[in-house]
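Chemist: task: produce atomic coordinates for the following.
(one chain, ligands or ions: 1)
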Amino acid sequence: MVKSLVTGAAGFIASHLVESLLDAGEEVVAVDSLTDYYDVAQKRANLAGFGARRGVEVVTADVADPAVLDRVAQADVVYHLAGQPGVRLSWDRNFGAYVERNVDRTQQLLEAARSARVPRLVYASSSSVYGNQPSYPVDERALPAPFSPYGVTKLAAEHLCGLYAQNYGLGTVSLRFFTVYGPRQRPDMAFSRFIRSALAGRPLTITGDGTAIRDFTYVGDIVEALRAAGRADVAPGAVYNTCGTESIDVNGAIGLIAHHLGFTPAVERCGAVPGDVRRTGGSARLAEQDLGWTAEMTLAEGIGEQVAWERARSVG
Ligand code: UGA
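Modeler: Coordinates of the predicted model:
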């Protein structure tokens, strides 16, 4: 039986991954330190969704805790999704937390995985490593040029994965996630904020003029990409874009949200925020070729899933 260890397991994406691994009959060690970057109650609710299931052990601890590092040694696959998220908040004094949680913790996990000879470590990288590029869609050969301190830390950790692969043969695979959305999305992200504001009768806040383009990717597709990366026979240190079925600007996404809400919410605009790129857009051709993965969920349908989840949550 495959034993997986998932970090950041109480979070948006990793909680879906844990459930999928348990559905497949795997044993899972689910690790999360429950940082207070956003409401811990939402993380606890995510944990409660799988905490009592057969095959899972929940460890509430930091990635660097000896109890976690000990368990790494027993894993066939480590999925490293823990970290400090949030592009726009990564400036100034906040930066220390990004370095500690995204760079230092990844290095500690890589050391543990290396000494235990863990066969596979899948790292949750980010489209933010690209920054603003001269042309789109970008593939993995584009020169990374992060535009936010957050992106710098995600790229640094991705490089660490690469150099542990090159120097020690550690089987790392980095997936560059492109703005993931769907049920349980982090409350600081655009779709969550838009839907929650609309349901509460408050105006949505658009940063800039709403023409920023994102390659939004449905969480269920990302879970499939993670699982494919966990089992694929690929060279250590591989890096893949995992992007969605289509790109759209923020104004267009709000139109789709309004359609599923059944009403047009009021909108306010504020200035552009430092660190926000104009556009993301990836080519997932390499992931298709090596991992047999492509995104399947259309944006219209995926947004409908998130609106339905937020609606149920707001009345429950
Ligand atoms: C997201 C995640 O937050 C990062 O953790 C991840 O690494 C990144 O995607 C990525 O793909 O690499 P972001 O694209 O900023 O970052 O995602 P959202 O928070 O959903 O923002 C999407 C767009 O909506 C941005 O242009 C943002 O400025 C805008 N926005 C956000 C608003 O107009 N209003 C809001 O209230 C929030």
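Chemist: tell me who's in contact with the residue of the stretch 1-150 of the chain found nearest the ligand.
Modeler: When scored by Cβ to the nearest ligand atom, the stretch 1-150 of the chain has Ser126 as its residue closest to the ligand, at 3.3 Å. C-beta coordinates here come from the backbone N, C-alpha and C atoms, glycine included. Going by Cβ atoms under 8 Å, 6 or more residues apart in numbering, Ser126 touches 150-151, 154, 176-177.
Chemist: one more pass at 10 Å, please.
Modeler: Counting by Cβ atoms under 10 Å, 6 or more residues apart in numbering, Ser126 touches 83, 85, 87, 102, 146, 148, 150-151, 153-155, 157-158, 174-180, 280.
Chemist: try Thr264
Modeler: Contacts of Thr264 by Cβ under 10 Å, 6+ apart are 198, 254-255, 257-258.
Chemist: repeat that with 7 Å
Modeler: Each residue near Thr264 by Cβ atoms under 7 Å, 6 or more residues apart in numbering is listed here: Ala258.
Chemist: please, which helix or strand holds it?
Modeler: Using DSSP states H and E, Thr264 sits in no helix or strand.
Chemist: could you do Glu57 as well?
Modeler: Per DSSP H and E: strand 56-59 holds Glu57.
Chemist: now that strand, how far from the centre of its chain.
Modeler: Computed by Cα atoms, centre = their mean, to the nearest Å, the chain-centroid distance of strand 56-59 equals 20 Å.
Chemist: quick check, pLDDT for Ala73.
Modeler: Listed pLDDT for Ala73 reads 95.
Chemist: do the same with Gly316
Modeler: Each residue has a pLDDT score; the one for Gly316 is 69.
Chemist: try Val2
Modeler: At Val2, pLDDT is 87.
Chemist: pretty sure it contacts Asp76?
Modeler: Yes: counting by Cβ atoms under 7 Å, Asp76 is a contact partner of Val2 at 5.1 Å.
Chemist: which residue ranges of the stretch 1-150 of the chain form helices?
Modeler: Along the stretch 1-150 of the chain, counting by DSSP state H, counting those that start in this stretch, helices occupy 12-23, 40-48, 66-72, 95-98, 105-116, 149-168.
Chemist: and these as CSV, adding mean neighbour count?
Modeler: Output for these, formatted as CSV (neighbours: other Cβ atoms under 10 Å):
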stretch, mean neighbour count
helix 12-23, 22
helix 40-48, 16
helix 66-72, 17
helix 95-98, 17
helix 105-116, 21
helix 149-168, 21
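Chemist: of all the ones you listed, which one comes closest to Ala287?
Modeler: Closest to Ala287 of those is helix 149-168 (Cβ to Cβ; 15.1 Å).
Chemist: so what does that closest one touch, helix or strand wise?
Modeler: helix 95-98, helix 105-116, strand 120-126, strand 172-177 (3 or more Cβ pairs under 7 Å, 6 or more residues apart in numbering; DSSP states H and E).
Chemist: how about 10 Å then?
Modeler: Using 3 or more Cβ pairs under 10 Å, 6 or more residues apart in numbering; DSSP states H and E, the elements in contact with helix 149-168 are helix 95-98, helix 105-116, strand 120-126, strand 172-177, strand 238-242.
Chemist: tabulate these (a markdown table), appending mean pLDDT.
Modeler: Putting these into a markdown table (pLDDT from 0 to 100) gives the following:
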| stretch | mean pLDDT |
| --- | --- |
| helix 95-98 | 98 |
| helix 105-116 | 98 |
| strand 120-126 | 98 |
| strand 172-177 | 99 |
| strand 238-242 | 98 |
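Chemist: save these as TSV, and put in distance to Asn46 too.
Modeler: Output for the helices and strands packed on helix 149-168, formatted as TSV (distance: least, Cβ to Cβ, whole Å):
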stretch	distance to Asn46
helix 95-98	21
helix 105-116	20
strand 120-126	16
strand 172-177	17
strand 238-242	21
